[in-house]
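**Q** Sharing a model that was predicted from the sequence below.
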Amino acid sequence: MLKNLKLNHYLQGAIAIAIVICINILANGGTGGSSFYASLDLTEEKRFTLTDPTKDLLDELEEVVYVEVLLEGEFPAGFKRLQRATREKLEDFRARSGFVEFDFGDPNTGTIAQRNERRKQLKDEGIEPVNLRVADGDSKSSQLIYPYAVFYYKGRRQAVNLLENDIPGVNPEVALNNSISLLEYKFVNVIQKLESQQKPAVLFTAGHGELAPFETADFEQTLQEFYNTGRLILDSVVHIRPEVDVLVVAKPTKPFSERDNFKIDQYIMNGGKVLWLLDRVAVDMDSLTSRKEYFPKQYDINLDNLLFKYGIRFKDNLVLDMQCSNIQLVVGFVGDAPQFDFFRYPYHPVISSGATSQHPIVKSLGPINMFFPTTIDTVVETRLPVDKTVLLASSNNSFFQRLPVGMDFNFLRYGLEKENFNKPPQPLAVLYEGEFDSFYANRLDPGMEAGLQQLGLSFKPKSERTSMLVVADGDIARNDYDQRNQRVIPLGYNRNEMDGNGFLFSNKDFLINAIEYLSDDRGLIEARSKDVKLRLLDGAAARQQAGFWQFFNIGLPLLFLLVFGLFYNWLRKRRYAQDLNASGNEE
């Protein structure tokens, strides 16, 4: 009996050792050299589950994607959470594909000379640190952090900023949470762009008084990293080639000819994507400031009938919003020197992008500044079903003025009264997705039909499934230009905000997301809609109950382990004594 007991102990030990060896073999990938990683996602929002388009892209990798993460070191809890989430997401990628490798590094290590050289190199590459203020008791210190991941694939490299820009008034924990929720999208987006051998084409229409190249310079410069951009003069082409991935119509001020409309129509019918940035009303600030009363006129661009066929219509009004940006006005003179002051101007609404929709285009974006926008009518019926998603809308404290209307600055003297802004949110940017009827069905001009036949093309009366995005403001894409210093002002920068110190709105991020969505045939932007819920602790309660929870999480498990160990030893001795007594009785 004693021999059997000892043999049983040996077997148990051997099984335990075998289990440990198997786990280590699996963890190190056996002899194949690839690591084994698996997880069971039990979270409500499936934060650790990759989207299907992400899986498909990772399955198609042909070479190793190497990721250098610059987020190593000791950080406060929030950044530690971002660091851990980045590692976990890359492990998810590596678990799906053996072609994903990554490493974490700290740019702040080494001698002073080495750190300075490394920081200069990173700055030259466009990688700027975050100066983090760290509180340690009563003292505070600063720490430079590089929340970046650098991707290398097929001889190309691209840095990804892991940290979303801070939004005034937003809890820093929420901002970090937004950063974590966008990790998958950022990673798979940059892999796709590094993988693509040919850049998608994004063309801006020209010849109808659209924004000039210097006015869209910042937008186009950002696009050019991964897109081919240019101007398309519709009068100079016989048709818009299907190789144009997205057509941008940015604030036209002159009429489109019927032939130009026909070219756009057939481009859409063949699956083309259009970003419409349209001003309904021609408001000139110089004219407004130089007159006692100014009556703005509507632009005549000859697009109303074409757009109406697609279910798009603008109302004849101007939208005002209590949530707005500032303008600078002269309030008096000291001698010959004018004195300026800042006034909230409701014709320049500030749109909280996430308040209306959680669509991937606007999810986690900061505020967007619009200028003299018009309501988009979303109740226009179409023969074919079209999905309409309102992406941007004014706040709950809105108002609109029907045209014609006289405009002046007199009302600013009395402030903005909330009771006057009693209209519901007005749609200002709408995404249209579906199949569209051609405006020229049953009205095709013989000359147009002959032109198509010469090109070997046929008229299409109905589109395949495609999408268009309509924004009721053309200036949303316009950057200012410093004539004196010959430099482009960043798109979205408003120098009148923050008491004249300026603020950068998220106009460019919104437009870039729109282009990425319209040109994304693989559905990778689905990962951008993934939401990681933030469950914040009550800070005051946590501090009051710190001792209890420390004991609950640390002391109680140790106490339980001690009690279990004592009980197990007592039980083992008792059984051993019984076995000895039984063995002695048998002898």
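**A** Nice, thanks for sending it over.
**Q** what's the weakest-modelled helix or strand in the protein?
**A** helix 2-27 (a mean of 54; mean pLDDT, DSSP states H and E).
**Q** Would you map the helices across the stretch 451-587 of the chain?
**A** Assignment of helices within the stretch 451-587 of the chain using DSSP state H, counting those that start in this stretch yields the ranges 507-519, 539-544, 546-550, 556-586.
**Q** Of those helices, flag the one that's most buried.
**A** helix 507-519 (a mean of 23; mean count of other Cβ atoms under 10 Å). (Glycine included, C-beta is placed from N, CA and C.)
**Q** Please tell me how far that one is from the chain's geometric centre.
**A** Chain-centre distance of helix 507-519: 9 Å, with Cα atoms, centre = their mean, to the nearest Å.
**Q** which ones are touching residue 118?
**A** For residue 118, the contacting residues are 107, 110, by Cβ atoms under 8 Å, 6 or more residues apart in numbering.
**Q** right, I mislabeled it, should have said residue 509
**A** Residue 509 touches 365-366, 492, counting by Cβ under 8 Å, 6+ apart.
**Q** Try it again at 6 Å.
**A** residue 365 (Cβ atoms under 6 Å, 6 or more residues apart in numbering).
**Q** How about the one 3 residues further on?
**A** Taking Cβ under 6 Å, 6+ apart, we find residue 512 in contact with no residue.
**Q** quick one, strands of the stretch 251-400 of the chain?
**A** Along the stretch 251-400 of the chain, counting by DSSP state E, counting those that start in this stretch, strands occupy 273-277, 281-282, 297-298, 313-314, 317-321, 324-334, 337-351, 368-369, 376-377, 386-393, 398-402.
**Q** Please, where are all the strands along the stretch 1-150 of the chain?
**A** Secondary structure of the stretch 1-150 of the chain (DSSP E, counting those that start in this stretch): strands located at 65-69, 100-104, 130-136, 139-145, 148-153.
**Q** Make a markdown table out of those and add distance to residue 431.
**A** Below are those laid out as a markdown table (distance: least, Cβ to Cβ, whole Å):
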| stretch | distance to residue 431 |
| --- | --- |
| strand 65-69 | 31 |
| strand 100-104 | 32 |
| strand 130-136 | 33 |
| strand 139-145 | 36 |
| strand 148-153 | 29 |
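**Q** Relative to residue 283, which of those strands is closest?
**A** The closest of the strands of the stretch 1-150 of the chain to residue 283 is strand 130-136. By Cβ to Cβ, the value is 38.9 Å.
**Q** tell me, how many neighbours does the closest residue to residue 279 other than its chain neighbours end up with?
**A** Excluding the flanking residues, the one nearest residue 279 by Cβ to Cβ, 6 or more residues apart in numbering is residue 474, at 4.3 Å. For residue 474, the neighbour count with other Cβ atoms under 10 Å is 24.
**Q** Tell me who's in contact with residue 474.
**A** Contacts of residue 474 (Cβ under 6 Å, 6+ apart): 250-251, 277-279.
**Q** Quick check: of the residues you listed, which lies closest to residue 454?
**A** Looking across these and measuring by Cβ to Cβ, the closest to residue 454 is residue 250, at 30.5 Å.
**Q** Tell me where the model's unsure across this protein.
**A** By pLDDT under 70, the low-scoring segments of the chain are 1-48, 133-141, 165-174, 530-543, 579-580, 582-587.
**Q** Domain parsing of it, as residue ranges.
**A** Domains of the chain are assigned by automatic domain parsing as 44-193, 198-529.
**Q** From the chain's centroid, how far away is the longest one?
**A** With Cα atoms, centre = their mean as the basis, domain 198-529 stands 19 Å off its chain's centre.
**Q** The shortest one too?
**A** Taking Cα atoms, centre = their mean, one finds the center of domain 44-193 at 15 Å from the center of the full chain.
**Q** you'd agree residue 364 is up against residue 178?
**A** Yes: with contact defined as Cβ atoms under 6 Å, residue 364 counts as touching residue 178 (4.1 Å).
**Q** higher neighbour count, the two?
**A** More crowded of residue 364 and residue 178, by other Cβ under 10 Å: residue 364, with 25 against 22.
**Q** Can you classify residue 241 by secondary structure?
**A** Under the three-state scheme (DSSP: H, G, I helix; E, B strand; the rest coil), residue 241 adopts coil.
**Q** list the contacts for it?
**A** Taking Cβ under 6 Å, 6+ apart, one finds nothing in contact with residue 241.
**Q** of all the domains of the chain, which lies closest to residue 563?
**A** domain 44-193 (32.4 Å).
**Q** ok, now how distant is the residue nearest to residue 154 when sequence neighbours are not counted from residue 97?
**A** Nearest residue to residue 154, sequence neighbours excluded (Cβ to Cβ, 6+ apart): residue 63, at 5.8 Å. The gap separating residue 63 from residue 97 is 11 Å, by Cβ to Cβ, to the nearest Å.
**Q** Equivalent analysis for residue 491, please.
**A** Residue 491 sits 36 Å away from residue 97, taking Cβ to Cβ as the criterion.
**Q** Can you pick out the residue with more neighbours from those two?
**A** Comparing residue 491 with residue 97 by other Cβ under 10 Å, the one with more neighbours is residue 491, at 26 against 17.
**Q** That one and residue 399, how far apart?
**A** In terms of Cβ to Cβ, residue 491 sits 27 Å off from residue 399.
**Q** The closest residue to residue 523 other than its chain neighbours - how many residues pack around it?
**A** Excluding the flanking residues, the one nearest residue 523 by Cβ to Cβ, 6+ apart is residue 53, at 4.3 Å. Applying the criterion other Cβ under 10 Å, we find 17 residues in the vicinity of residue 53.
**Q** Could you tell me which residues make contact with residue 53?
**A** Residue 53 touches 522-524, 526, counting by Cβ under 6 Å, 6+ apart.
**Q** do residue 489 as well
**A** Neighbours of residue 489 in contact, by Cβ under 6 Å, 6+ apart: 479-480.
**Q** and what of residue 246?
**A** Residues counted as contacts of residue 246 (Cβ under 6 Å, 6+ apart) are 202, 273, 515, 518-519.
**Q** circling back: same list (the contacts of residue 474) but as a markdown table, adding neighbour count.
**A** Shown next, in a markdown table, are those (neighbours: other Cβ atoms under 10 Å):
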| residue | neighbour count |
| --- | --- |
| 250 | 25 |
| 251 | 23 |
| 277 | 26 |
| 278 | 22 |
| 279 | 24 |
